[in-house]
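In: Provide a 3D model corresponding to the input given below.
(chains A, B, C and D)
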There are 2 protein chains.
Amino acid sequence: MVIGRRKHPTAHECRVVRRCGKQLESAVRFRAPDVKTVGAMPSRSEEPAYKQIQKAIRRRIDGGQLKPGHPVPSERELARVHKVSLMTARHALSEMAREGLVERRHGAGTFVAPPRVQFNKLLGYSEQMASLGLTAHSRVIASGVVTREHEIAARLGLAPTSRLGRLERVRMAADEPVALETCYWSADEYPRLVDAPLERVSLFGLLERECGVELAYSDEEIDATDADLRIAELLQIPRGSSLLRIRQLIFSTKSRATVYAMGLYRSGRHTLRVRRFR
Amino acid sequence: MVIGRRKHPTAHECRVVRRCGKQLESAVRFRAPDVKTVGAMPSRSEEPAYKQIQKAIRRRIDGGQLKPGHPVPSERELARVHKVSLMTARHALSEMAREGLVERRHGAGTFVAPPRVQFNKLLGYSEQMASLGLTAHSRVIASGVVTREHEIAARLGLAPTSRLGRLERVRMAADEPVALETCYWSADEYPRLVDAPLERVSLFGLLERECGVELAYSDEEIDATDADLRIAELLQIPRGSSLLRIRQLIFSTKSRATVYAMGLYRSGRHTLRVRRFR
DNA sequence: GAGTGGTCTAGACCACGAG
DNA sequence: TCGTGGTCTAGACCACTCT
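Out: The predicted structure is shown next:
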């Protein structure tokens, strides 16, 4: 059986080919005369067109050809160059604007946003250090399985007495302790994490590479507290010192609560950057 | 001269009427036979269709008809009911998903997100209190114009010696001081703010209602610090107590830096809720 | 007036999820 | 298999900015 035909085949067909199912392929090939440059057809990547456009723009920004304040090609220009429709080019730019990489000004154009720290970016400690050109290392204080953290189990959407993997690490920068981070996860779902070499390895990285979890976002509660005796000793600071406390519930792309983490950061050594919207 | 005609007039024309220019109106009226229910035509509001759809869904969530976990009408359903195209219904849902109000699950549907604090929501202190059902009040410690805050002027994109309005308030909750907030803005652009009755009035509200500024977002730096003598006295806490420090640069919808604010919050009295993305 | 982004159409095919 | 969201088309008109 032949499935439905597209009603308005055009030069854009060349893009369509790489996405459409086998059933259509021959029908489309039949329309080859419409296609201007078959040779320019992108390799059969699975990547959506709008993401490819974003990548192209990102490359030009990272490469320095496009500096802050410079205009990004307009929707119409991108649509023409990448041989996609306006809506697709628009989608690419809108998403980049939401991420804060570019700014859109009605009637004027789209411009590269000022150089900026990445706001609202969920990064593990190792990744933050890496983004600053430093290498992180950690001292594991404790790791194992606990069963009595009822409240944390609840936050992770597990039964109150679930077995939880628990990892407590002192984070170091230039051989100085700057933070204490404690993480919890379902020991039954991710048993291998307990024995992983987490002195130098990113928990986020392990989850994503070894456990097939894709992390998506975290909901966080941030406040200030002060150091009790134990933390004062671990971080080598006076008792009662100010600490920034960040409690995170980290979700996967399937909106599944995956890790609960609490971090206590020495004042002056950690600043959280956030963007909030009205 | 007659301007271009739409190529595919349909029943959706009834929506188009309320947006299209006068020149087209008669042409469209001519097509009235296509329109199913002229009486149901929405009043000539200026609101985009996708925002109206969002409002309708929000109403049903706020009203309790749609509870967390319940399915929201699908794109196709919304398109049919609101007489818009799929892309428009889709736009409405996508934006609500980004805001975290609903969750989209590929192949399954769109669902009301769990009850949640509003993450990454830029609110003034008065507004936060109001959202908790409390009334805020403040004690103005200082207000006036300063000219020597070069760094802050720079952050606001002004010349180093610009005249800056400055307002310092102690924020009260249940007659207890909980925070010290200091705001700066261009005294030349918003001169009236200096003399405004800010004991009980929201600075955000004044800016938006009286000054015609629409606030859009703020970039924030959050860390922990401790109370020096002056702040300890103002907040009636021991010297050296932990404080949550939030420095905000607040932007208008035109991406213009409008207000710089620094807040120092007593520990235990203020938690910031944030969502970060991977 | 020319060019830009904002909203919108009337569909199409795909990948995915649940029964 | 059916219904869902994800991506995409080839345009349209509007509101806005710049000059």
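In: Which secondary structure element is home to A:Asp223?
Out: Here A:Asp223, judged by DSSP states H and E, is contained in strand A:215-226.
In: same thing with A:Arg166?
Out: A:Arg166 belongs to strand A:164-173, assigned by DSSP H and E.
In: about what we covered before: C-alpha coordinates for the strand holding A:Asp223, PDB please?
Out: C-alpha atoms of strand A:215-226 as PDB (Å, rounded to 0.1, in the frame of the first residue of the first chain):
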ATOM      1  CA  LEU A 215      19.700  14.200  33.300                       C
ATOM      2  CA  ALA A 216      17.400  17.000  32.400                       C
ATOM      3  CA  TYR A 217      17.000  19.500  35.200                       C
ATOM      4  CA  SER A 218      17.100  20.000  38.900                       C
ATOM      5  CA  ASP A 219      14.800  21.800  41.300                       C
ATOM      6  CA  GLU A 220      16.900  23.500  44.000                       C
ATOM      7  CA  GLU A 221      16.400  25.100  47.300                       C
ATOM      8  CA  ILE A 222      19.100  27.500  48.300                       C
ATOM      9  CA  ASP A 223      19.700  29.200  51.600                       C
ATOM     10  CA  ALA A 224      22.400  30.100  54.000                       C
ATOM     11  CA  THR A 225      23.300  28.100  57.100                       C
ATOM     12  CA  ASP A 226      26.400  27.900  59.300                       C
END
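In: That strand pairs with which strands, and in what direction?
Out: strand A:242-252 (antiparallel), strand B:272-277 (antiparallel) (DSSP bridges).
In: is the helix or strand following the first one up against chain B anywhere?
Out: This points to strand A:242-252. Using DSSP H and E, the helix or strand that follows strand A:242-252 in sequence is strand A:257-266. Yes: for strand A:257-266 and chain B, the contact criterion (CB under 8 Å from any CB of the partner chain) is met by A:Tyr265. Placement of C-beta: from N, CA and C, glycine included.
In: How about stretch A:63-79 and DNA strand C, touching?
Out: Yes: against DNA strand C, stretch A:63-79 shows contacts by CB under 7 Å from any atom of the strand at A:Val72, A:Ser74, A:Glu75, A:Arg76, A:Glu77.
In: My understanding was that the fourth one contacts A:Leu86; is that so?
Out: When you say that, I think you mean A:Arg76. Yes: using CB atoms under 8 Å, A:Arg76 is in contact with A:Leu86, at 6.7 Å.
In: OK, contacts around the residue of the stretch 151-278 of chain A found nearest DNA strand D?
Out: The stretch 151-278 of chain A approaches DNA strand D most closely through A:Thr253 (10.6 Å), counting by CB to the nearest atom of the strand. Counting by CB atoms under 8 Å, 6 or more residues apart in numbering or on different chains, A:Thr253 touches A:Glu214, A:Leu215, A:Ala216.
In: surely the first one meets A:Ile250?
Out: No: in this structure, A:Glu214 sits apart from A:Ile250 without contact. The criterion is CB under 8 Å, and the distance is 11.3 Å.
In: Of those two, which one has the most company?
Out: A:Ile250 (27 against 12; other CB atoms under 10 Å in any protein chain shown).
In: bridging residues for that one?
Out: A:Ser218, A:Val259.
In: distance of it from B:Gly100?
Out: To B:Gly100, A:Ile250 is 15 Å away according to CB to CB, to the nearest Å.
In: picking that back up, tell me which of the residues of stretch A:63-79 next to DNA strand C is nearest to B:Ala154?
Out: Proximity of the residues of stretch A:63-79 next to DNA strand C to B:Ala154 (CB to CB) peaks at A:Val72, which lies at 26.2 Å.
In: from what I can see the closest one touches A:Arg105, true?
Out: No: taking contacts as CB under 8 Å, A:Val72 lies outside contact range of A:Arg105: 11.1 Å.
In: neighbour-wise, which of those two wins?
Out: A:Val72 (24 against 11).
In: list the contacts for the residue lying closest to the more buried one once chain neighbours are set aside?
Out: Nearest residue to A:Val72 in three dimensions, chain neighbours excluded: A:Thr110, at 4.4 Å (CB to CB, 6 or more residues apart in numbering or on different chains). Going by CB under 8 Å, 6+ apart, A:Thr110 touches A:Pro71, A:Val72, A:Pro73, A:Ser74, A:Glu75, A:Leu93, A:Ala97, A:Val102, A:Glu103, A:Arg104.
In: near DNA strand D at all, the helix or strand where A:Thr110 lies?
Out: A:Thr110 belongs to strand A:109-112 when assigned by DSSP H and E. No: contact of strand A:109-112 with DNA strand D (CB under 7 Å from any atom of the strand) is absent, the minimum separation being 8.0 Å.
In: Each with direction, which strands does that strand pair with?
Out: strand A:71-72 (antiparallel), strand A:102-105 (antiparallel).
In: Could you dump these into a markdown table with mean pLDDT added?
Out: Putting these into a markdown table (pLDDT from 0 to 100) gives the following:
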| stretch | mean pLDDT |
| --- | --- |
| strand A:71-72 | 96 |
| strand A:102-105 | 91 |
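In: Of all these, which one is nearest DNA strand D?
Out: strand A:102-105 (6.3 Å).
In: contacting residues for the closest residue to DNA strand D within the stretch 51-200 of chain A?
Out: Minimum separation of the stretch 51-200 of chain A from DNA strand D (CB to the nearest atom of the strand) falls at A:Gly107, amounting to 2.5 Å. Counting by CB under 8 Å, 6+ apart, A:Gly107 touches no other residue.
In: Any residue of the strand holding A:Thr110 touching DNA strand C?
Out: Yes: on the criterion CB under 7 Å from any atom of the strand, strand A:109-112 is in touch with DNA strand C at A:Gly109, A:Thr110.
In: CA-only coordinates of that strand in CSV, if you can.
Out: Provided in CSV are the C-alpha atoms of strand A:109-112 (Å, rounded to 0.1, in the frame of the first residue of the first chain):
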residue,chain,number,x,y,z
GLY,A,109,17.0,41.5,14.2
THR,A,110,18.6,38.8,16.2
PHE,A,111,21.9,39.6,17.9
VAL,A,112,24.6,37.7,19.8
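In: related to what we said a few turns ago, just checking, what packs against the strand holding A:Arg166?
Out: strand A:137-146, strand A:176-186 (3 or more CB pairs under 8 Å, 6 or more residues apart in numbering or on different chains; DSSP states H and E).
In: List the pairing partners of the longest one within its sheet, with orientation.
Out: Here strand A:176-186 is paired, per DSSP bridges, with strand A:164-173 (antiparallel), strand A:257-266 (antiparallel).
In: Buried residues in that strand, which are they?
Out: A:Pro177, A:Val178, A:Ala179, A:Leu180, A:Glu181, A:Thr182, A:Cys183, A:Tyr184, A:Trp185, A:Ser186 (16 or more other CB atoms under 10 Å in any protein chain shown).
In: Which strands or helices does the following helix or strand past that strand pack on?
Out: Downstream of strand A:176-186, the next assigned helix or strand under DSSP H and E is helix A:203-210. Counting contacts by 3+ CB pairs under 8 Å, 6+ apart, helix A:203-210 is packed against helix A:125-131, strand A:215-226, strand A:257-266.
In: May I have helix A:203-210 as CSV, with CA atoms only?
Out: C-alpha atoms of helix A:203-210 as CSV (Å, rounded to 0.1, in the frame of the first residue of the first chain):
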residue,chain,number,x,y,z
LEU,A,203,28.8,11.4,39.2
PHE,A,204,26.9,13.1,36.5
GLY,A,205,29.2,11.7,33.9
LEU,A,206,28.9,8.2,35.3
LEU,A,207,25.1,8.3,35.4
GLU,A,208,24.9,9.5,31.8
ARG,A,209,27.6,7.3,30.4
GLU,A,210,27.4,4.1,32.4
